[in-house]
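Enquirer: here's a sequence, model it:
(chains A and B)
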2 protein chains.
Amino acid sequence: MADHYLTKESILDTAEQVLRRFGPEKTSVVDVARALNVSHGTIYRHFPSKASLREAVAERWLHTISLPLEVVFKQDCSASERLRLWLKTLIHIKHTLVQEDPELFTMYTTLVEESVDVVNAHIGELIGQIIPIIEEGITNQEFKSTDPAATASGIFMATARFHHPAHAKEWTSPTINQEFNIVWNLIHSGIVK
Amino acid sequence: MADHYLTKESILDTAEQVLRRFGPEKTSVVDVARALNVSHGTIYRHFPSKASLREAVAERWLHTISLPLEVVFKQDCSASERLRLWLKTLIHIKHTLVQEDPELFTMYTTLVEESVDVVNAHIGELIGQIIPIIEEGITNQEFKSTDPAATASGIFMATARFHHPAHAKEWTSPTINQEFNIVWNLIHSGIVK
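Expert: Numbering: from 1, shown residues only, chains lettered A, B, ... in the order given. Below you'll find the model as predicted:
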């Protein structure tokens, strides 16, 4: 591939394919360059280090999780329903990713966990989507929270069992939806007026 | 050691030492028998299989977590305070075990996770300790729950981030206590009248 066709996106597409084929341990920048038929120096012009290339792959994958969540803001419903829908959508996305390809899910979560900054930015983005729902509920007189950021962060942490990748093995439990309802009822009861 | 001195407890003591030395992958019943200077047939008279010996080691370790929790029932305090104390004690025990010897903690959690029955019995025992606290709060007119078992199970799941071994790496975070307080406030607000 000629260098001038090489965009960040096309490098990430190839890096993703190479990572899937070789696994995160064995993938080098040289492997990615070889697959693109360019020198590794060309890759380094777009990504200053191997770590930054891996981070960019991890970030792009995390956006496939956080972007579809924005659809819940288009629903015409109460803040309670929006919050429940947001959580159910996040959980559905995560559980589907594991079900479809457990090894690939493990590969991406391994990449994500390599960078504390990437993890924190993702958590910040997700909690940042919950905050306006809490604010909406306060404005509506639905929720009694006085600190939307803390409430959003508490809701995110209290539902970790259903969306944190460390619990992925537990998501196949036949009672997982029932368990979510129990936690949801507890949380909801803690925020409604 | 002569066979007639051999109790289940002394076999478990030795099995624990051997597991610590060789690790869960490499430890066999023969290793445990050798350390006790008995034949492996002698061990099998007390534990019918290698799996049952490992389960017994796992169960004994889990009791070192669940037993100290019973002290909270001797405190003279409100049900809210007792519930918070129970959670803080569980979290303190788990965090201390990881801090003192992270490798040993991983070894025991690996053993525990080998048996779904052992895991479920332990979770059942812990939730079984929360239920009477919820019932006490209902009797006291402190809590509004109508289903103590569901409320107890919801509280246990909603605090997983602070006591589930899959989150052990996150327990060193400098903000972990603050995060517990946020989740506690959310839960508590969901159960008080």
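Enquirer: enumerate the residues of chain A near chain B.
Expert: A:144, A:150-151, A:153-155, A:157-161, A:164, A:166-167, A:179, A:182-183, A:185-191 (Cβ under 8 Å from any Cβ of the partner chain). Yep, even glycine has a C-beta here, placed from its N, CA and C like the rest.
Enquirer: check chain A for its longest helix and report it.
Expert: helix A:116-139 (DSSP state H).
Enquirer: show me where chain A has helices.
Expert: Going by DSSP H, chain A shows helices at A:8-22, A:29-36, A:40-46, A:50-66, A:79-100, A:102-113, A:116-139, A:148-158, A:160-163, A:176-191.
Enquirer: what number of residues lie near the residue in chain A that chain B sits nearest to?
Expert: Closest residue of chain A to chain B, Cβ to the nearest Cβ: residue A:190 (3.1 Å). Other residues within reach of residue A:190, judged by other Cβ atoms under 10 Å in any protein chain shown, total 24.
Enquirer: how is chain A divided into domains?
Expert: Following automatic domain parsing, chain A resolves into domains at A:3-48, A:60-191.
Enquirer: looking at those domains, which is buried most?
Expert: domain A:60-191 (a mean of 17; mean count of other Cβ atoms under 10 Å in any protein chain shown).
Enquirer: now the end-to-end length of that domain.
Expert: Taking Cα to Cα, to the nearest Å, domain A:60-191 runs 33 Å from one end to the other.
Enquirer: same question for that domain, mean pLDDT?
Expert: Averaging pLDDT along domain A:60-191 yields 97.
Enquirer: same check, this time on stretch A:18-38
Expert: 94.
Enquirer: next, the distance between the ends of that stretch.
Expert: Stretch A:18-38 end-to-end distance (Cα to Cα) = 14 Å.
Enquirer: with stretch A:109-124 instead?
Expert: Stretch A:109-124: ends 17 Å apart by Cα to Cα.
Enquirer: pull the residues that contact that stretch.
Expert: A:19, A:24, A:51, A:54-55, A:57-59, A:61-62, A:65-66, A:156, A:165, A:168 (Cβ atoms under 8 Å, 6 or more residues apart in numbering or on different chains).
Enquirer: report the distance from that stretch to the chain centre.
Expert: Put simply, stretch A:109-124 sits 9 Å off its chain's centre (Cα atoms, centre = their mean, to the nearest Å).
Enquirer: check stretch A:58-71 too.
Expert: 6 Å.
Enquirer: related to what we said a few turns ago, and the two most separated of the contacts of stretch A:109-124?
Expert: Spanning the widest gap among those are A:19 and A:156, at 27.8 Å by Cβ to Cβ.
Enquirer: quick one on the thing from earlier: what angle do helix A:148-158 and the longest helix of chain A make with each other?
Expert: Counting by axes from the mean of the first three to the mean of the last three Cα atoms, to 10 degrees, helix A:116-139 lies at 120 degrees to helix A:148-158.
Enquirer: ok, residue A:155 touching residue A:133?
Expert: No. Counting by Cβ atoms under 8 Å, residue A:155 stays clear of residue A:133, with 9.2 Å between them.
Enquirer: got any residues that touch both of these two?
Expert: residue A:83.
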